[in-house]
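S.K.: let's see this in three dimensions:
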Amino acid sequence: MSSRDLRLLPSLCLLLTLSGAGSQKASYAPWCPPNSTCDSATTCRCDPGFSSPSGEIITSPTEFCDEINECAPPATVSCGKFADCQNAEGSYYCMCSPGYELAAGGKRFRNESENTCQDVNECSLKQNPCHNTTHCLNTVGGYKCRCRPGWKPIPGSPNGPNNTVCEEMSFPSWTRPSGVSSQSLSRFFDKVQDLGRDFKPDSAHYTIKNLTWEVDELLETPGDLENLSHSEQHCVATNLLDGLENVLKVLSKFLPKGPLTLRARAGTDLSLDVMEQRVREVTLGQNYTRMLLKWDTEQEPKDSDPFVVGLVSIPGIGKLLAEAALHETHKSLQWGVSSILLSDVNSAFLSNSDTQKLSSPVTFIFSHHPVTLGPGQKVLCVFWEHRKHGCGHWATTGCRTVSTEDTNTTCHCTHLSSFAVLMAQYDVQEEDPVLTVITYMGLGLSLLCLLLAALTFVLCKAIQNTSTSFHLQLSLCLFLAHLLFLIGIDRTEPQVLCTIIAGALHYLYLAAFAWMLLEGLHLFLTARNLTVVNYSSMRRRMKKLMFPVGYGVPALIVAISAASRPHLYGTSARCWLHPGKGFIWSFLGPVCAIFSVN
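M.R.: Numbering: from 1, shown residues only. Just a heads-up that it's a prediction; the model follows:
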């Protein structure tokens with residue numbers, strides 16, 4: 001080999017080396033997308049925590065590696081109890097849920113095996129999370145800020161579970177009923193005002209005791225209250241029951257937890273219990289009344305920690321409830337009913353503001369004097385229902401009489417109010433079986449004759465004239481009225497159906513008498529106008545007036561009666577006009593007038 005060839009040898013080795021390096025580089029794919037690594041000359045592999053639509057391996061430059069959300073459903077990982085999965089780029093981590101932290105402190109960990117999440121007691125932290133007018137109540141996974149006993153949320157403040165702001169409650173206002181003049185009542189409210197001015201939260205027990213005694217003394221010696229009319233006495237009773245209940249509901253929140261029992265000289269009893277919310281049943285008892293109450297979590301108060309249940313028995317209030325009306329659920333106001341108060345009047349209350357629709361009924365067991373029921377007598381569980389104008393009456397809505405024995409009665413009620421047991425006396429008329437048979441036979445025969453008469457007036461063309469038109473309308477009205485009387489006069493349930501039947505009978509019988517009046521007028525005018533000309537003119541006028549008068553005037557009378565006193569259509573025994581407050585004269589008045597004209 002020549003010296004020239006030796007000089008070319010290094011250059012040839014360099015070319016061979018570069019050529020080998022180029023061949024080796026060409027064995028890897030240069031187009032791999034982000035978040036991936038080259039796997040071979042034709043494939044790429046997505047990094048851990050990433051994937052492509054075709055899987056982990058990529059074979060085309062158009063594909064890409066997207067992040068895998070391990071926390072998205074269906075979740076492929078689990079962080080355990082009280083923890084949440086948090087997605088991160090290419091991975092994930094676990095975080096304790098709000099209100100929880102790891103036993104060693106902190107919130108973040110890698111997987112379920114490291115989970116030691118436990119509840120955080122926010123109320124034990126150095127910085128109290130609640131406003132200084134509230135106290136902190138730790139809950140599982142969080143906390144609540146509750147007003148202190150005797151405090152209430154400030155109107156207009158946030159009042160959320162964690163940001164409540166409260167103010168101290170004062171003695172509630174209690175004013176005398178308007179329009180009632182009584183020196184005894186004036187002196188009583190002067191004493192109530194004095195108790196309110198001297199009230200202090202730490203003397204709530206003293207104030208409740210004195211207030212109970214003042215109510216007891218007023219009812220023991222009512223003085224000039226006994227000279228008031230019954231309606232005014234009912235207004236005073238409503239004011240006393242409502243006012244005493246409202247004041248006790250507020251003042252009892254200042255009391256320490258536990259039961260409280262007070263008994264005044266004339267028999268007014270107060271039993272209440274300030275307890276924890278976790279209690280689900282409570283029984284309050286007095287000498288003559290026991291109350292069993294159950295409630296759910298939804299009924300717990302939102303504005304204070306203690307839960308107050310109270311029962312106050314006021315035997316003296318019965319003096320002011322004489323001649324009080326009874327309004328039953330399935331009947332109209334019972335004007336013909338005289339009721340006897342068998343038990344003391346008892347007011348039940350909770351610290352809740354809404355006790356009108358309880359999920360579980362309250363059970364009351366009343367003790368009373370031995371009762372022997374006679375004909376038409378019935379024992380009822382009732383409550384005192386307040387009217388808008390300040391007075392009230394007995395009602396049975398939401399209350400059911402479960403059982404009655406000689407000396408006690410059990411009631412179920414779905415709301416709280418002032419309750420008692422009444423013995424209602426209904427006016428019972430003994431039915432004469434002979435009279436019943438005569439009625440049905442007579443009306444049945446009358447229906448047959450009326451039907452034949454109507455068919456005769458319709459089908460016999462030869463006798464049709466103005467006079468037979470009156471006969472036809474009278475027959476139709478009487479036929480429908482008698483038929484409805486036979487099938488519906490005793491259908492007192494449901495009340496709406498009975499009201500409709502009574503209104504229809506009112507209209508049909510008035511229409512029958514109206515057609516009798518028209519027929520009488522027609523005969524009178526016929527006798528006066530014997531000439532053909534006068535008779536034809538009179539006949540045309542009668543045709544124009546007979547239907548508006550025969551059907552329109554009765555409809556107007558019934559419409560006015562129904563609009564003014566709809567509750568007086570139907571009684572407890574018959575679907576007819578109620579005799580109370582002269583309502584029966586909406587029928588007797590027009591009938592007497594028609595008899596007088598005829």
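
S.K.: check contacts around Ala103.
M.R.: Contacts for Ala103 were tallied using C-beta atoms under 8 Å, 6 or more residues apart in numbering; they are 116, 118. Backbone N, C-alpha and C define where each C-beta goes, glycine included.

S.K.: now do the SS call for it.
M.R.: The local conformation at Ala103, judged by DSSP: H, G, I helix; E, B strand; the rest coil, is coil.

S.K.: determine the set of other helices and strands touching the longest strand seen in the chain.
M.R.: Identified as the longest strand of the chain according to DSSP state E is strand 377-386. Secondary-structure packing of strand 377-386 (3 or more C-beta pairs under 8 Å, 6 or more residues apart in numbering; DSSP states H and E): helix 230-251, strand 326-327, strand 392-395, strand 399-404, strand 408-413, strand 418-425.

S.K.: between strand 418-425 and the fifth one, find me the angle.
M.R.: It refers to strand 408-413. Between the axes of strand 408-413 and strand 418-425, defined by axes from the mean of the first three to the mean of the last three C-alpha atoms, to 10 degrees, the angle is 120 degrees.

S.K.: distance check, Phe225 against Ile317.
M.R.: In this structure residue 225 is Leu, not Phe. From Leu225 across to Ile317, the span is 11 Å (C-beta to C-beta, to the nearest Å).

S.K.: so for the two, which residue has more residues nearby?
M.R.: Remark: of Leu225 and Ile317, Ile317 carries more neighbours, 26 against 21, as counted by other C-beta atoms under 10 Å.

S.K.: now do the more buried one, the pLDDT please.
M.R.: On pLDDT, Ile317 comes in at 94.

S.K.: again with Cys13
M.R.: 41.

S.K.: just Phe419 next, same as before
M.R.: Turning to Phe419, the model gives it a pLDDT of 95.

S.K.: now it: how far from Cys32?
M.R.: Look at Phe419 and Cys32: by C-beta to C-beta, they are 84 Å apart.

S.K.: what of Ala504?
M.R.: Separation of Ala504 from Cys32 (C-beta to C-beta): 92 Å.

S.K.: on that earlier part again, mind listing what's buried in the longest strand of the chain?
M.R.: If you call a residue buried by 16 or more other C-beta atoms under 10 Å, then strand 377-386 has these buried ones: 379-386.

S.K.: relative to strand 408-413, how tilted is that strand?
M.R.: Orientation check (the same axes, to 10 degrees): strand 377-386 against strand 408-413 gives 40 degrees.

S.K.: name every strand pairing with strand 377-386 and say which way it goes.
M.R.: Strand 377-386 has its sheet partners listed here by DSSP bridges as strand 392-395 (antiparallel), strand 418-425 (antiparallel).

S.K.: using PDB, write out the CA atom coordinates for that strand.
M.R.: Extracted in PDB, the C-alpha atoms of strand 377-386 (Å, rounded to 0.1, in the frame of the first residue of the first chain):
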ATOM      1  CA  GLN A 377    -124.700  13.000  73.300                       C
ATOM      2  CA  LYS A 378    -121.100  12.600  72.200                       C
ATOM      3  CA  VAL A 379    -117.600  13.100  73.800                       C
ATOM      4  CA  LEU A 380    -115.300  15.100  71.600                       C
ATOM      5  CA  CYS A 381    -111.600  16.100  71.700                       C
ATOM      6  CA  VAL A 382    -111.500  19.800  70.800                       C
ATOM      7  CA  PHE A 383    -109.200  22.700  70.700                       C
ATOM      8  CA  TRP A 384    -109.700  26.500  71.000                       C
ATOM      9  CA  GLU A 385    -109.400  27.900  67.600                       C
ATOM     10  CA  HIS A 386    -108.500  31.600  67.400                       C
END
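
S.K.: check which helices and strands the helix ranked longest in the chain sits against.
M.R.: As assigned by DSSP state H, the longest helix anywhere in the chain is helix 495-528. On a contact count with 3+ C-beta pairs under 8 Å, 6+ apart, helix 495-528 meets helix 466-488, helix 532-547, helix 553-564, helix 585-597.

S.K.: nearest residue to Lys249 in space, please, no chain neighbours.
M.R.: Phe349 (5.4 Å; C-beta to C-beta, 6 or more residues apart in numbering).

S.K.: helix, strand, or coil at that neighbour?
M.R.: strand.

S.K.: could you count how many residues lie near it?
M.R.: The local packing of Phe349 (other C-beta under 10 Å) involves 21 other residues.

S.K.: list the buried ones in stretch 220-229?
M.R.: Buried residues in stretch 220-229 (16+ other C-beta under 10 Å): 222, 225, 228.

S.K.: the last one: what's it in contact with?
M.R.: Contacts of Leu228 were listed using C-beta under 8 Å, 6+ apart, and they are 180, 182, 236.

S.K.: change it to 7 Å
M.R.: 180, 182 (C-beta atoms under 7 Å, 6 or more residues apart in numbering).

S.K.: I figured Val282 hits Val309, correct?
M.R.: Yes: assessed by C-beta atoms under 7 Å, Val282 is found in contact with Val309 at 5.1 Å.

S.K.: between the two, what contacts are shared?
M.R.: Residues within reach of Val282 and of Val309 at once, by C-beta under 7 Å, 6+ apart, are 273, 293.

S.K.: the two: which is more packed in?
M.R.: Taking other C-beta under 10 Å, Val282 and Val309 do not tie; Val309 has more neighbours (24 against 16).

S.K.: quick one: which of the helices and strands packed on strand 377-386 is nearest His368?
M.R.: strand 418-425 (6.0 Å; C-beta to C-beta).

S.K.: next structured bit after the least confident helix or strand in the chain by mean pLDDT?
M.R.: In the chain, no helix or strand scores lower on mean pLDDT, DSSP states H and E than helix 3-25, which sits at a mean of 42. Beyond helix 3-25 on the C-terminal side, the first helix or strand identified by DSSP states H and E is strand 36-38.

S.K.: ok, and what's touching the following helix or strand past that following strand?
M.R.: Going down the chain from strand 36-38, the next helix or strand is strand 44-46, by DSSP H and E. By C-beta under 7 Å, 6+ apart, the list of residues contacting strand 44-46 from outside reads 29, 32, 35-39, 52, 56-58, 65.

S.K.: list the neighbouring strands of strand 44-46 plus their orientation.
M.R.: Within its sheet, and counting by DSSP bridges, strand 44-46 is paired with strand 36-38 (antiparallel), strand 57-58 (antiparallel).

S.K.: re the thing from before, what angle separates the longest strand of the chain from helix 230-251?
M.R.: Between strand 377-386 and helix 230-251, the angle comes out at 70 degrees (the same axes, to 10 degrees).

S.K.: for the helix or strand containing Glu167, packing partners?
M.R.: Here Glu167, judged by DSSP H and E, is contained in strand 166-168. Under the contact definition 3 or more C-beta pairs under 7 Å, 6 or more residues apart in numbering; DSSP states H and E, strand 166-168 sits against strand 151-153.
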